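> what would the 3D arrangement of this be:
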Amino acid sequence: MALMTIGKLSGATAVKVTTIRYYESIGLLDEPQRSASGQRLYAGDSVERLRFIRHARDLGFPVSAVRELISLQVEPGRECVLVDQIARRQLDEVRRRLTQLEALEAELKRMIRACEGGKIGSCSVLAALGQHENCLHEQHDGAEVLAGLPSRGA
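The predicted structure is shown next:
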């Protein structure tokens, strides 16, 4: 198969060029060949690897788990118990995030219901945002939950 530039690899996998470079820098993708002018040149197996990484990231697997999964691929005859453990850890993490998101949803609904309109100075939504103790649910750290979700193109 012919070698391709980083732009063509990006187009073939829908992964941004900057993300491809990042995956190279952290060792998820092998260092590509270089042309005489220094341009990155990728073989066809880079497409497969990048699609694998992207799909794993879309499913929320952290980079460390993706690295583990890639390292396990080199031994196709090995039992897949380790892969199963990694997938189960990810499922547990997804369940934890869902619980947090449900608490976040309940708190936001409660804040919105408490809002009676009126003036900004007496807004219950702003009051709840300003003082966490006004919240009914302690387990709704939405920033942490949402930060754990994969972004498109990454």
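> where does the prediction get shaky in the protein?
Applying pLDDT under 70 to the chain flags the ranges 1, 133-154.
> repeat that with 50
Across the chain, the ranges flagged by pLDDT under 50 are 143, 145, 149-154.
> can you give me the strands for it?
Using DSSP state E, the strands found in the chain span residues 33-34, 40-41.
> nearest to Glu75, of these?
Closest to Glu75 of these, according to CB to CB: strand 33-34, at 25.5 Å. For every residue, glycine as well, the C-beta is placed using N, CA and C.
> got the domain boundaries for the protein?
What automatic domain parsing lists as the domains of the chain is 6-73, 88-147.
> ranking those by burial, who's on top?
domain 6-73 (a mean of 15; mean count of other CB atoms under 10 Å).
> okay, how far is it across that domain, tip to tip?
From its first residue to its last, domain 6-73 covers 24 Å (CA to CA, to the nearest Å).
> mind checking which of the domains of the chain is nearest Glu79?
Proximity to Glu79 (CB to CB) singles out domain 6-73 among the domains of the chain, at 10.1 Å.
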